[in-house]
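**Q** Take a look and give me a structure for this.
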Amino acid sequence: MSAILERSFKLMEHLAAHPEGRPLSALASDLQMPLSATHRLLSELIRCGYVRQDQSHGDYMLTIKLVSLGLCFLSNSGIVDVAQPLLDRLAAESGELVRLAVVDGDALTFVAKAQGATRGLRYDPDMGLSVNLSCSSAGHAWLSTMSDEQALELVARQGFGKPEDFGPRAPTTVKALLAYLRAARKRGFSIINEVFAPAMTAMAAPVRSGNGAVIGVITIAGPLVRLTEERMLALGPTLLLAAEDVAHASGASALFKRRA
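**A** Below you'll find the predicted structure:
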């Protein structure tokens with residue numbers, strides 16, 4: 001049963017990355033699963049309402065049922081109602097994309113955002129994504145609150161990102177990653193420059209509950225030509241204040257209460 005569940009979730013995660021749909025043969029090949037087993041899983045997911053098959057070309061794709069579940073959960077948790085005004089304010093002050101990720105077990109997941117760029121280049125990646133810890137400002141901010149041993153254990157489970165998939169300065173060794181984490185600890189927030197993506201920079205600060213536990217991370221991200229390292233350092237106090245504000249307001253969210 002556990003193997004079936006794992007395959008089902010991997011199948012849905014793969015379909016989430018292909019909203020246009022994928023044919024049965026491609027799914028089986030991509031996931032290295034037998035054709036018959038892939039078809040059985042898809043049939044069950046169709047029966048449960050999570051997948052549909054396009055009638056014109058036969059490709060399989062996700063329905064919005066899974067998205068609806070996630071949105072319902074976030075709405076009932078109160079997290080967006082609590083955080084959104086604070087994210088909007090930080091986005092207006094920074095003029096860049098601001099996002100909130102919450103700690104969920106051994107992972108960070110983005111759940112809310114605010115776009116502060118009103119003209120020119122706009123950085124606006126997909127939401128609801130699990131954060132790559134070794135190659136993101138959010139990951140570095142969270143890892144910096146742990147011991148080196150704890151941080152490296154989490155990264156070992158997830159794996160280092162490859163520069164060809166991220167930015168040219170993505171750390172690929174323990175030594176390189178620890179240098180980022182120690183710098184983040186020293187200043188209180190992380191800074192990356194062409195680590196997550198080429199020509200993109202970002203910064204992040206942890207959100208702590210009243211007992212000191214890290215419950216989330218706030219990030220500011222934008223194009224390197226505008227969000228320079230000098231500007232990020234200047235925005236540091238503003239980011240840290242926003243993280244404190246979200247922490248103080250977190251008691252109104254059932255999701256944050258559970259993680260405190």
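**Q** Please make it C-alpha for all contacts and neighbour counts, starting now.
**A** Fine.
**Q** who does Thr201 bridge with?
**A** For Thr201, the beta-bridge partners under DSSP bridges are Asn193, Gly222.
**Q** And stretch 152-167, end to end?
**A** 20 Å (C-alpha to C-alpha, to the nearest Å).
**Q** Pull out the buried residues from it.
**A** Residues 152, 155, 160-163, 166-167 are the ones in stretch 152-167 that count as buried (16 or more other C-alpha atoms under 10 Å).
**Q** Among these, which ones are in helices?
**A** Using DSSP state H, 152, 155 are the members of the buried residues of stretch 152-167 that sit in helices.
**Q** Give me the below-cutoff pLDDT ranges for this protein.
**A** Within the chain, the stretches with pLDDT under 70 are 1, 67-81, 119-129, 251-260.
**Q** Let me see the ranges of the strands in it.
**A** 51-53, 60-62, 97-104, 107-115, 190-193, 200-208, 214-223 (DSSP state E).
**Q** right, so of these, which gets closest to Ala37?
**A** Nearest to Ala37 among the strands of the chain is strand 60-62; the distance by C-alpha to C-alpha comes to 14.7 Å.
**Q** How far does the closest one sit from its chain's centre?
**A** Taking C-alpha atoms, centre = their mean, to the nearest Å, one finds strand 60-62 lying 22 Å from the centre of the chain it belongs to.
**Q** on that earlier part again, how about the strands of the chain in a markdown table, adding distance to Leu27 and mean neighbour count?
**A** Listed next are the strands of the chain as a markdown table, based on distance: least, C-alpha to C-alpha, whole Å; neighbours: other C-alpha atoms under 10 Å:
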| stretch | distance to Leu27 | mean neighbour count |
| --- | --- | --- |
| strand 51-53 | 13 | 21 |
| strand 60-62 | 9 | 24 |
| strand 97-104 | 28 | 24 |
| strand 107-115 | 25 | 20 |
| strand 190-193 | 35 | 26 |
| strand 200-208 | 32 | 27 |
| strand 214-223 | 33 | 26 |
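**Q** ok, longest helix in the chain?
**A** Max-length helix for the chain by DSSP H is helix 229-249.
**Q** Now do the buried residues in it.
**A** In helix 229-249, counting by 16+ other C-alpha under 10 Å, buried: 229, 232-233, 235-236, 239-240, 242-244, 246-247, 249.
**Q** ok, so of those, who is nearest Gly210?
**A** Minimum distance to Gly210 across the buried residues of helix 229-249 is 7.6 Å, recorded for Ala247 (C-alpha to C-alpha).
**Q** OK, contacts around that closest one?
**A** Under the criterion of C-alpha atoms under 8 Å, 6 or more residues apart in numbering, the neighbours of Ala247 are 207-210.
**Q** Nearest to Gln115 among these?
**A** Using C-alpha to C-alpha, Val207 comes nearest to Gln115 of those, at 19.7 Å.
**Q** Quickly note the distance from the closest one to Arg185.
**A** Counting by C-alpha to C-alpha - Val207 and Arg185 are separated by 14 Å.
**Q** Repeat that for Gly116.
**A** Gly116 sits 27 Å away from Arg185, taking C-alpha to C-alpha as the criterion.
**Q** Ok, Leu15 next?
**A** Look at Leu15 and Arg185: by C-alpha to C-alpha, they are 38 Å apart.
**Q** before we move on, what about Ala249?
**A** From Ala249 to Arg185 the distance is 24 Å (C-alpha to C-alpha).
**Q** residue contacts, the residue nearest to Ala28 when sequence neighbours are not counted?
**A** Distance criterion C-alpha to C-alpha, 6 or more residues apart in numbering; nearest residue to Ala28, sequence neighbours excluded, is Leu35 at 5.5 Å. Counting by C-alpha under 8 Å, 6+ apart, Leu35 makes contact with 24-25, 28.
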